[in-house]
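Peer 1: Using only what follows, build the 3D model:
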Amino acid sequence: MKTNINVAIIGVGNCASALVQGVYYYQKVARDQRPVGIVFERVGPYTIQDIRFVAAFDVDKRKIGKDLAEAIFSPPNNAYKVTEVEPLGVTVKPGILLDGVADQLKNTFIPVAESTLEDVVRELNSANAHVAINFLPTGAQRASETYAEAAIKAGCAFVNAMPAMIANHPEIPKRFEESKLPLAGDDIQNQVGATVLHKAIIHLLHIRGVKIIDTYQINIGGTPDFLNLMYRKEQKEKTKTEAVLKMAEGQEFPAYIAPVAYIPFLGSKKIAHMLIEAQGLAGVPIRIRVDLEVYDPWNNAGIMVDVIRIMKLALDRGVGGPVYSLCAWAFKNPPIHAPPEIARKWVEEFIEGKRDR
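Peer 2: As a prediction, this is how the structure comes out:
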């Protein structure tokens, strides 16, 4: 029997803000409209109307103790606002800090006493959470591992939306598989983000017989995530670069992909510039330049509403460990890479029950 999808949010930042606003918008503001900006209107029995937020964790005093509907608009969040959100009856609880905040940024937030692993497990159990989403900042490897452990102990699926190594960890996926709990990751690939666009172009050139000479992608933005990336960008650079390189399926060429500047007045807007140099027949030069401007948190939320529902479907079916089709389609650093159109086909087959995971 179909139930609501109970979602726990780990890290009430801009991505959480856009996700909560987007779900609320189609549940309350535009309930009778066909949703715009999602791939699948229905995933098995589930629509966007079935998503419910039941728990939330953060380490900033400006958010802890507030209803989630208020906390998503609390500083330093600056996500594009499309709607007010009525109280959701979900109080943001203290989270687990560990390495969740870069040392250089510890003066930019107001910390409180940390929760323990047992506290988080207790809250997830109390809320009957089905899916926990990790929205911690880039660089929070230990904290992400601890929340993954909490999800296993609480019996809920885990979505690692950040670059921390969870779905690619040498041991953690085995524990999810043994517990018959779905896992998705690592580092969510935004709906029309710089990475997926760059991948698509590289793949197109490759399948059309073009030789790729080199490529770069540089990003600027004004979110707290970009501020964090100025000190902790190694994981993000690695996942983005490898995701693009794998689309050339064996071609080797220099690639540089990185966030390069935090510009506060851009707010939640991200601007990406890409350059690809290549050679066609007889080595004749080809040069492609692309500029992309998006509101990054919303780009994230647009794909996350599908991820949540696919994960609940996997949970219903007793899938344990990485959901390979979903990971390949929706994440930058999945356990198994695939070109976008192949990954999309895998996901459709999984939803239809033609693929185990």
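
Peer 1: Make sure residue 77 is indeed in a strand.
Peer 2: No: read with DSSP: H, G, I helix; E, B strand; the rest coil, residue 77 is coil and lies in no strand.

Peer 1: Show me which residues of the longest helix anywhere in the chain are buried.
Peer 2: Secondary structure of the chain per DSSP state H: the longest helix is helix 296-316. Neighbour counts over helix 296-316 (16 or more other C-beta atoms under 10 Å) mark 296-316 as buried. Where C-beta positions appear, they are placed from N, C-alpha and C, glycine not excepted.

Peer 1: And that helix, how far out from the chain middle?
Peer 2: 9 Å (C-alpha atoms, centre = their mean, to the nearest Å).

Peer 1: Now do the helix or strand following that helix: which elements does it pack against?
Peer 2: Sequence-wise, the next helix or strand downstream of helix 296-316 (DSSP states H and E) is strand 321-322. Counting contacts by 3 or more C-beta pairs under 8 Å, 6 or more residues apart in numbering; DSSP states H and E, strand 321-322 packs against helix 172-178, strand 182-184.

Peer 1: Relative to strand 321-322, what are the paired strands and their orientations?
Peer 2: Its sheet considered, strand 321-322 pairs with strand 182-184 (parallel) by DSSP bridges.

Peer 1: Which residue ranges of the protein form strands?
Peer 2: Remark: strands assigned in the chain by DSSP state E are 5-10, 51-58, 92-94, 131-134, 157-160, 182-184, 211-221, 255-262, 269-279, 285-295, 321-322.

Peer 1: Confidence-wise, which of the ones you listed is weakest overall?
Peer 2: Here the lowest mean pLDDT among the strands of the chain goes to strand 255-262, at a mean of 92.

Peer 1: what stretches of the stretch 101-250 of the chain score poorly on pLDDT?
Peer 2: Scanning the stretch 101-250 of the chain for pLDDT under 70 picks out 101-113.

Peer 1: switch to 50 and redo it
Peer 2: Counting by pLDDT under 50, the stretch 101-250 of the chain shows no low-confidence range.

Peer 1: Can you say which of the strands of the chain is nearest to residue 73?
Peer 2: In terms of C-beta to C-beta, the element of the strands of the chain nearest to residue 73 is strand 92-94, at 12.1 Å.

Peer 1: For the closest one, which helices and strands make contact with it?
Peer 2: Contacts defined by 3+ C-beta pairs under 8 Å, 6+ apart place strand 92-94 against strand 51-58, helix 117-127.

Peer 1: in its sheet, what does that strand sit against?
Peer 2: strand 51-58 (parallel).

Peer 1: what's the domain layout of the chain?
Peer 2: Domain assignment for the chain by automatic domain parsing gives 5-189+298-351, 194-294.

Peer 1: Dump these into TSV; add distance to residue 357 as well.
Peer 2: Compiled in TSV, those are given as follows (distance: least, C-beta to C-beta, whole Å):
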stretch	distance to residue 357
domain 5-189+298-351	5
domain 194-294	20
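
Peer 1: Tell me which of the ones you listed is the most buried.
Peer 2: domain 5-189+298-351 (a mean of 21; mean count of other C-beta atoms under 10 Å).

Peer 1: Endpoints of that one, how far apart?
Peer 2: 16 Å (C-alpha to C-alpha, to the nearest Å).

Peer 1: Next up, the contacts around the closest residue to residue 152 other than its chain neighbours.
Peer 2: In space, residue 152 comes closest to residue 179 once its chain neighbours are excluded; the distance is 5.3 Å by C-beta to C-beta, 6 or more residues apart in numbering. Shown in contact with residue 179 (C-beta atoms under 8 Å, 6 or more residues apart in numbering): 152, 155, 320.

Peer 1: is it true that the last one touches residue 173?
Peer 2: Right, residue 320. No: contact criterion C-beta atoms under 8 Å: residue 320 and residue 173 do not qualify, at 9.2 Å.

Peer 1: follow-up on the earlier one: dump the helices and strands packed on strand 92-94 to TSV, plus distance to residue 346.
Peer 2: Output for the helices and strands packed on strand 92-94, formatted as TSV (distance: least, C-beta to C-beta, whole Å):
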stretch	distance to residue 346
strand 51-58	23
helix 117-127	29
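
Peer 1: and residue 282, which of those is closest to it?
Peer 2: Closest approach to residue 282 among the helices and strands packed on strand 92-94 (C-beta to C-beta): strand 51-58, 53.8 Å.

Peer 1: can you list the helices and strands packed on strand 321-322 in JSON lines and add distance to residue 164?
Peer 2: Converted to JSON lines, the helices and strands packed on strand 321-322 look like this (distance: least, C-beta to C-beta, whole Å):
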{"stretch": "helix 172-178", "distance to residue 164": "10"}
{"stretch": "strand 182-184", "distance to residue 164": "13"}
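
Peer 1: hang on, the earlier thing: adding distance to residue 24 as columns, could you present the contacts of residue 179 in CSV?
Peer 2: Below are those laid out as CSV (distance: C-beta to C-beta, whole Å):
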residue, distance to residue 24
152, 29
155, 27
320, 32
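
Peer 1: For residue 52, state which of the residues you listed is nearest.
Peer 2: For the contacts of residue 179, the nearest to residue 52 is residue 155 (17.2 Å; C-beta to C-beta).

Peer 1: Quick check: closest non-adjacent residue to that closest one.
Peer 2: In space, residue 155 comes closest to residue 181 once its chain neighbours are excluded; the distance is 6.7 Å by C-beta to C-beta, 6+ apart.

Peer 1: dump the residue contacts of the one you found.
Peer 2: Residue 181 sits next to 151, 152, 155, 156, 157, 158, 315, 320 when contact means C-beta under 8 Å, 6+ apart.
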